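Novice: only geometry, no sequence info:
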C-alpha cells in the first residue's frame, strides 16, 4: 500500500508545481469559438447580384523573406469586393459580384503580365541581386485599373543571392 507520508516533501512540491502548469487543470473550460459561415470567409455567392457593391480593394504584403537570398520573390495579396478569375472583356465589366485580375510589372520594365489565378501570392524567380520594386494593380475584366488600387512593393535581393536556375 502506498502512503503519501512516505513521499519526501520535495517530491510532493515538484508534482504540485507540475500540475499547476498543465493546461486545463486550473483554468475554467473555454467556450469554443463560434464557427464562421462560408459567406463570412469566402464572401457572397456568385449566383446572386450584389446591390450597391462596395469598391474593390487590394491589400498587398511585403515580400516573404524565405527565398530572397535565391532571387525568388513571393508577395502575398488579397482582395475585397472583387473575385480574381480568368474572365476578360467588356461584357464582364458589369458582372456582379465583380470580377477582375492583377497586372504585375517589375522594375518599370516596359512589359508585365496579368495574373488571374487567385493563388494569393505573386511568385517571381530569377531576380538578380540589388534593389527592386514590383507594381501590383487590381484591374477589371477589361484591363482598367480600379481607382487607387495599385501597390508598389520595394525589396532588396542580397548580393549573396545564388544565380537563377
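Specialist: It's in. No experiment lies behind these values; they were computed from the predicted model shown.
Novice: going forward, measure contacts between C-alpha atoms and count neighbours the same way
Specialist: Fine.
Novice: give me the number of residues near residue 48?
Specialist: Residues lying near residue 48 (other CA atoms under 10 Å) number 9.
Novice: what's the residue nearest to residue 150 when sequence neighbours are not counted in contact with, if anything?
Specialist: Once flanking residues are discounted, residue 150 sits nearest to residue 137: 4.3 Å by CA to CA, 6 or more residues apart in numbering. Contact analysis of residue 137 by CA atoms under 8 Å, 6 or more residues apart in numbering lists 58, 102-104, 145-146, 149-151.
Novice: mind checking pLDDT for residue 137?
Specialist: You'll see residue 137 listed with a pLDDT of 98.
Novice: and residue 153, by the same measure?
Specialist: 98.
Novice: for the strand or helix carrying it, buried residues please.
Specialist: Assigned by DSSP states H and E, residue 153 falls within strand 145-157. Residues of strand 145-157 classed as buried by neighbour count (16 or more other CA atoms under 10 Å): 145-146, 149-151, 155-157.
Novice: within its sheet, name the partner strands of that strand and how each one runs.
Specialist: strand 130-140 (antiparallel) (DSSP bridges).
Novice: was I right to think residue 130 contacts residue 154?
Specialist: No. Using CA atoms under 8 Å as the test, residue 130 is too far from residue 154 to be in contact (10.8 Å).
Novice: where do the helices of this structure begin and end?
Specialist: Along the chain, counting by DSSP state H, helices occupy 9-21, 38-42.
Novice: ranking these by mean pLDDT, which is last?
Specialist: Mean pLDDT across these is lowest at helix 9-21; the value there is a mean of 53.
Novice: and the strands in this protein, which stretches?
Specialist: 57-60, 73-80, 83-84, 99-106, 113-115, 121-124, 130-140, 145-157 (DSSP state E).
Novice: export those strands as TSV, with columns for distance to residue 40.
Specialist: TSV is the format used below for these (distance: least, CA to CA, whole Å):
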stretch	distance to residue 40
strand 57-60	17
strand 73-80	12
strand 83-84	15
strand 99-106	19
strand 113-115	25
strand 121-124	21
strand 130-140	22
strand 145-157	23
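Novice: closest to residue 45 out of those strands?
Specialist: strand 83-84 (10.7 Å; CA to CA).
Novice: low-scoring stretches of this structure, by residue?
Specialist: 1-27, 161-165 (pLDDT under 70).
Novice: tell me which residues touch residue 123, please.
Specialist: Counting by CA under 8 Å, 6+ apart, residue 123 touches 72-75.
Novice: nearest to residue 88, of those?
Specialist: Out of these, the member with the shortest distance to residue 88 (by CA to CA) is residue 75, at 23.7 Å.
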